[in-house]
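S.K.: Okay, predicted coordinates and the sequence, questions at the end:
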Amino acid sequence: MKNKKPIIAIDGHSSCGKSTLAKGLAKHFKYKYIDTGAMYRAVTLYVIENMLFRKKNIDEIKLKNAFENGDVKIGFQYNPKTLKSETFLNGKNIENKIRGLEVSNLVSPVAVIPFVRHELVSLQREMGKEGGIVMDGRDIGTNVFPNADLKIFLTADAKIRAQRRYKELKDNGQDVSFDEVLKNVTERDKIDSTRKTNPLKQAKDAVLLDNSHVSIDEQLKNAINLVESLT
């Protein structure tokens, strides 16, 4: 193992359970967990709430100024009541706000903006520099931590991912249709894999895990074995 405390990078398609796997690993090994997707969702929420998205265009100049002025501060805090790490934007808990379809529909266009990725990648590297961390996203193993001790690329059939996401949204009381969710999943796949800046792709040394027909427990067990094989 290159680090006394390893860096574990989990990349993969939208709604394939990256955060579920990452949280499970972090809990098992008592490592820190960073949900980079939540960071991009936080920026997207900032765009929406500050009306920086009009006529299908994002006002990148105002968004960049916001970053430069320190108006976009993202952090995580552990909630002992929910036993989860929750996302904060400028001191406010936004965990529930960033999980809706409105943010999901805009997060990929926000995430392709080069200066947004630069800012958040710098923050991610700072968070993980001491190791003992599990980080999931789209470019963790290829860009954020190319020398990560373990890289996992997670995927599943698009319709299966959409069905899982649809159930999650409905369980949270959101009024959405399956077709809406499937469209969102497939569009995000296309945007994420074709963007110019650090597109979603499997790192050459990443372990591919397809969970289309694998339970959460089975997947976690497989991943735990991969981590333990590092020693």
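M.R.: Good, I have the coordinates.

S.K.: top helix in this structure by residue count?
M.R.: In terms of residue count, the longest helix belonging to the chain (DSSP state H) is helix 178-194.

S.K.: can you give me the offset of the helix or strand following that one from its chain's centre?
M.R.: As assigned by DSSP states H and E, the chain's next helix or strand after helix 178-194 is strand 207-210. Relative to its chain's centre, strand 207-210 lies at 17 Å (CA atoms, centre = their mean, to the nearest Å).

S.K.: buried stuff in strand 207-210?
M.R.: V207, L209 (16 or more other CB atoms under 10 Å). C-beta here means a position set from N, CA and C on the backbone, and glycine is covered the same way.

S.K.: What strands line up against that strand, and which way round?
M.R.: Partners of strand 207-210 in the sheet, by DSSP bridges, are strand 150-155 (parallel).

S.K.: got a list of contacts for the strand it pairs with?
M.R.: If you take CB atoms under 8 Å, 6 or more residues apart in numbering as the criterion, strand 150-155 is touched by 6-13, 16-18, 21, 140-141, 202-203, 205-211, 223, 226-227, 230.

S.K.: Quick one: mean pLDDT for it?
M.R.: With pLDDT averaged residue by residue, strand 150-155 scores 97.

S.K.: Where do the strands of this protein begin and end?
M.R.: Under the criterion DSSP state E, the chain contains strands at 7-12, 32-35, 53-54, 57-58, 74-79, 84-89, 92-93, 133-137, 150-155, 207-210.

S.K.: Relative to A111, which of these is closest?
M.R.: With CB to CB as the measure, strand 133-137 is the member of those nearest A111 (9.3 Å).

S.K.: So which residues make contact with the closest one?
M.R.: So strand 133-137 is in contact with 5, 7-12, 18-19, 21-23, 25-26, 29, 31-37, 124, 127-128, 144-145, going by CB under 8 Å, 6+ apart.

S.K.: now those: which count as buried?
M.R.: For these, a burial check counting by 16+ other CB under 10 Å picks out 7-12, 18-19, 21-23, 25-26, 31-37, 124, 127-128, 144-145.
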